[in-house]
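# no sequence for this one, just the structure:
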């Protein structure tokens, strides 16, 4: 099987995240796509951060009804730093005969060679990136060529994805502004019912 791993803080998960995941699921002909919220230690909470179980629940709400999509709590259960190489090693142990794809945004794709144990990451998964705009494409393709010299397998998704920022959403919630066009209705309801991002 072909399994995509899409990690992040998802604070909160928004329509841009889901559209990106759908695009990779379709373009790579994935069998499963794992949305994987990272663990954030309580003492490292930034302004607007919420607890891991709340971010996990919002991801579950956003992914509900999407064929092939699952939300994984592997990184949340591990606690501590959510190092990607550790997560990929765990996934490889769980699915030893399957092909893994690591889905990243443009910024992460540009810096992945600087992450902890990048060689392990390159060995275990194909690194997938998506440009934020047309100007990003050449930059990502150049980075793709560089990563390949380091032994990585890469894939650039050249499609337009809506640009949404979790930071922007948190600011809008705090200011009492409408976010119904930025997140799933169920996520919007969850944020309101649990009074998230108001501090």
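Here it is on my side, so go on. No experiment lies behind these values; they were computed from the predicted model shown.
# can you name every helix or strand that the helix or strand encompassing residue 109 contacts?
Assigning secondary structure by DSSP states H and E places residue 109 in helix 106-111. On a contact count with 3 or more Cβ pairs under 8 Å, 6 or more residues apart in numbering; DSSP states H and E, helix 106-111 meets strand 125-129, helix 134-149. (C-beta placed from N, C-alpha, C; glycine too.)
# could you list every residue that touches residue 189?
Residues counted as contacts of residue 189 (Cβ atoms under 8 Å, 6 or more residues apart in numbering): none.
# element containing it, please.
Here residue 189, judged by DSSP H and E, is contained in helix 185-193.
# how far does that helix sit from the chain's center?
20 Å (Cα atoms, centre = their mean, to the nearest Å).
# who are the contact partners of residue 128?
So residue 128 contacts 4, 24, 28, 101, 102, 103, 104, 109, 154, 155, 156, 157 (Cβ under 8 Å, 6+ apart).
# kindly recompute the last result at 7 Å.
Residues near residue 128 by Cβ atoms under 7 Å, 6 or more residues apart in numbering: 24, 101, 102, 103, 104, 155, 157.
# on that earlier part again, which of the helices and strands packed on helix 106-111 sits most buried?
Greatest average neighbour count among those goes to strand 125-129 (a mean of 23), per mean count of other Cβ atoms under 10 Å.
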